[in-house]
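> here is my input, please return the structure:
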Amino acid sequence: MPKIGMRIIKTCIAVYICFLIYLLRGEQGAPFYSAIAAILCMQPYVSNSLKVALNRTIGTFIGGAMGMFILLVEQSFVPTDMLALQYLIVSLAIIPLIYITLLINKPTTSFIACVVFLSIAISHGADVNPSLFALNRILDTLIGIFVSLGVNALHFPRKKNSRILFVSDLDGTLLNSQNEISNYSKIKLNRMLNHGALISVKTNRSIATLLPIFDGVELNLPIIIMNGASLYDLKKNTYMHCKAINYSIAQEVLEVFKHQSVNCFTHTIINDMLHIYYTKLINPVDKELYRSKKLHPQKNYICADLPKNQDVLYIMAVDKPELIKKLHNEITRLHCAYLIKSITHKDEEHPGYYYLEIYSVEASVEEAIMEMKERLSADTLVVFGNSENDIPMMEVADFGYAVANASEELMAIEPRTIGDNNSDAVVKKMEKHFHSKSLF
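Okay, here's the model as predicted:
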């Protein structure tokens, strides 16, 4: 069962305060409308609450003004015993009411405007003073709005360990089985980030696929991509601290692929845009990769040789394991082999195929993390992972956690274990460290 969150508790408190204010006012007004407004205005973040409170206030005055106008029309021209006509007028008034919110470019105010309008137009007495009744309903609603805003802004003092650097793997760790960051995790991440938490992620995903994943998450640090060959700032859309392969060395490596008549994808950064050069799409996986990614706005696929003097972030090929092994062996025998590192791994999406990736010897996830830690003057490193690829960063971390669904290879090093990636365990552990009086 999910825990009862602070938003639920704060909503309860705000509603109770609305009732207390009603009592302090000598039971004047209608606490029902204050409570409804308080419930509608409670938001996960204080910044959102300010925006919502402003919109609700605008909507309250629009709805109140329309309600006052309809009351005056009914009292002046509509007989009190013609309820069907009164209800028709109220229903028709909804059209201009919503249209007004669209004209002023405030569509989110339409809901509260309609609530306030109906509370005035429907629940009034026959002999009520239209102006006074409308103003009381507006006041009731405003009380709920500002009580909600005040309660949501209230935070109990908690310790904040802003010298801890948190780094999490993405797939299978921070992401759940639907390849999403849950709403719960997003809210918790943003609250920690707003209080100064240092949080980053590492991933081999493309930037194009990362942007929708982190929509709504205000990451304050660049993410680690391409096996540590580069960092990427999602806010500035900028590649940073690249560990590139020199052009002459890249040419020596590319000659191996050319000699074996194997296509490879050569990744470079030109004017903060990822350019990927290839020669000829040979095998079906090559063609599928190209078709699936060629339209990504953050990537430019170019069928051409690498431009002269252009350094390379990494070179990637995918093919049958026998050919990949042969390429790997040839590359490790090159004169420049000590300046690069060659990595092979299975293609999980295409059985019978393997990847070969070549990076600068300076590129590694653990080095990128340690450099980030030094730049931020962080004194503690906490990492989270789910596969054998995360072992190097576990070894340099002060605290390394594996999710319950981690691979056997990672579990073999006996890391600390938390819940699986569907239980928001990563963010819960981050929050525990961030607010803990001790590191454990």
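> export stretch 163-177 as PDB, just CAs?
What follows is stretch 163-177, C-alpha atoms only, in PDB (Å, rounded to 0.1, in the frame of the first residue of the first chain):
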ATOM      1  CA  ARG A 163      27.400  17.700   0.100                       C
ATOM      2  CA  ILE A 164      26.200  14.300  -1.000                       C
ATOM      3  CA  LEU A 165      26.400  13.500  -4.800                       C
ATOM      4  CA  PHE A 166      23.800  11.000  -5.900                       C
ATOM      5  CA  VAL A 167      24.200   9.200  -9.200                       C
ATOM      6  CA  SER A 168      21.800   6.600 -10.500                       C
ATOM      7  CA  ASP A 169      21.700   4.400 -13.500                       C
ATOM      8  CA  LEU A 170      18.600   5.000 -15.500                       C
ATOM      9  CA  ASP A 171      17.100   1.900 -17.100                       C
ATOM     10  CA  GLY A 172      16.000  -0.800 -14.600                       C
ATOM     11  CA  THR A 173      17.000   1.400 -11.700                       C
ATOM     12  CA  LEU A 174      15.400   4.900 -11.600                       C
ATOM     13  CA  LEU A 175      13.000   4.000 -14.400                       C
ATOM     14  CA  ASN A 176      10.200   1.600 -13.600                       C
ATOM     15  CA  SER A 177       9.000  -1.300 -15.800                       C
END
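> how far is that stretch from where the chain is centred?
Centroid separation for stretch 163-177 versus its chain: 12 Å, with CA atoms, centre = their mean, to the nearest Å.
> quick one: buried residues of that stretch?
164-170, 172-176 (16 or more other CB atoms under 10 Å). Backbone N, C-alpha and C define where each C-beta goes, glycine included.
> quick one, what contacts the nearest residue to I270 once chain neighbours are set aside?
Counting by CB to CB, 6 or more residues apart in numbering, Q310 is the residue found nearest to I270 once chain neighbours are left out, at 7.3 Å. Counting by CB atoms under 8 Å, 6 or more residues apart in numbering, Q310 makes contact with 247, 268, 270.
> can you put the buried residues of stretch 163-177 in JSON lines and add distance to I324, secondary structure and pLDDT?
Converted to JSON lines, these look like this (distance: CB to CB, whole Å; DSSP: H, G, I helix; E, B strand; the rest coil; pLDDT from 0 to 100):
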{"residue": "I164", "distance to I324": "39", "secondary structure": "strand", "pLDDT": "95"}
{"residue": "L165", "distance to I324": "35", "secondary structure": "strand", "pLDDT": "96"}
{"residue": "F166", "distance to I324": "35", "secondary structure": "strand", "pLDDT": "97"}
{"residue": "V167", "distance to I324": "29", "secondary structure": "strand", "pLDDT": "97"}
{"residue": "S168", "distance to I324": "29", "secondary structure": "strand", "pLDDT": "96"}
{"residue": "D169", "distance to I324": "24", "secondary structure": "strand", "pLDDT": "96"}
{"residue": "L170", "distance to I324": "25", "secondary structure": "helix", "pLDDT": "94"}
{"residue": "G172", "distance to I324": "24", "secondary structure": "helix", "pLDDT": "92"}
{"residue": "T173", "distance to I324": "27", "secondary structure": "helix", "pLDDT": "95"}
{"residue": "L174", "distance to I324": "30", "secondary structure": "helix", "pLDDT": "95"}
{"residue": "L175", "distance to I324": "28", "secondary structure": "coil", "pLDDT": "95"}
{"residue": "N176", "distance to I324": "32", "secondary structure": "coil", "pLDDT": "94"}
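> can these go into TSV with extra columns for distance to K202?
Output for those, formatted as TSV (distance: CB to CB, whole Å):
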residue	distance to K202
I164	16
L165	12
F166	11
V167	6
S168	8
D169	6
L170	7
G172	12
T173	10
L174	10
L175	13
N176	18
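> nearest to Y22 among these?
Lowest distance from Y22 to the buried residues of stretch 163-177 (CB to CB) belongs to N176, with 42.9 Å.
> not counting its neighbours along the chain, what's nearest the closest one?
Nearest residue to N176, sequence neighbours excluded (CB to CB, 6+ apart): N422, at 4.9 Å.
> now do the end-to-end distance for stretch 392-407.
One end of stretch 392-407 sits 14 Å from the other (CA to CA, to the nearest Å).
> pretty sure I282 sits against V262.
Yes. The criterion here is CB atoms under 8 Å, and I282 meets it with V262 at 7.1 Å.
> those two: which is more packed in?
A count of neighbours by other CB atoms under 10 Å puts V262 above the other of I282 and V262, at 21 against 13.
> distance of that one relative to S248?
Distance, V262 to S248, using CB to CB, to the nearest Å: 21 Å.
> returning to what we had before: quick one: the contacts of Q310 as CSV, columns for distance to G5, pLDDT and neighbour count too.
Formatted as CSV, these follow (distance: CB to CB, whole Å; pLDDT from 0 to 100; neighbours: other CB atoms under 10 Å):
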residue, distance to G5, pLDDT, neighbour count
Y247, 53, 96, 16
T268, 46, 96, 24
I270, 46, 92, 11
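> show me where the stretch 251-400 of the chain has strands.
For the stretch 251-400 of the chain, strands defined by DSSP state E, counting those that start in this stretch occupy the ranges 265-270, 273-278, 299-303, 314-319, 340-346, 354-360, 380-385, 399-402.
> wait, which of the ones you listed is closest to N190?
Ranking those by proximity to N190 (CB to CB) places strand 380-385 first, at 17.9 Å.
> kind regards, and thank you for your time.
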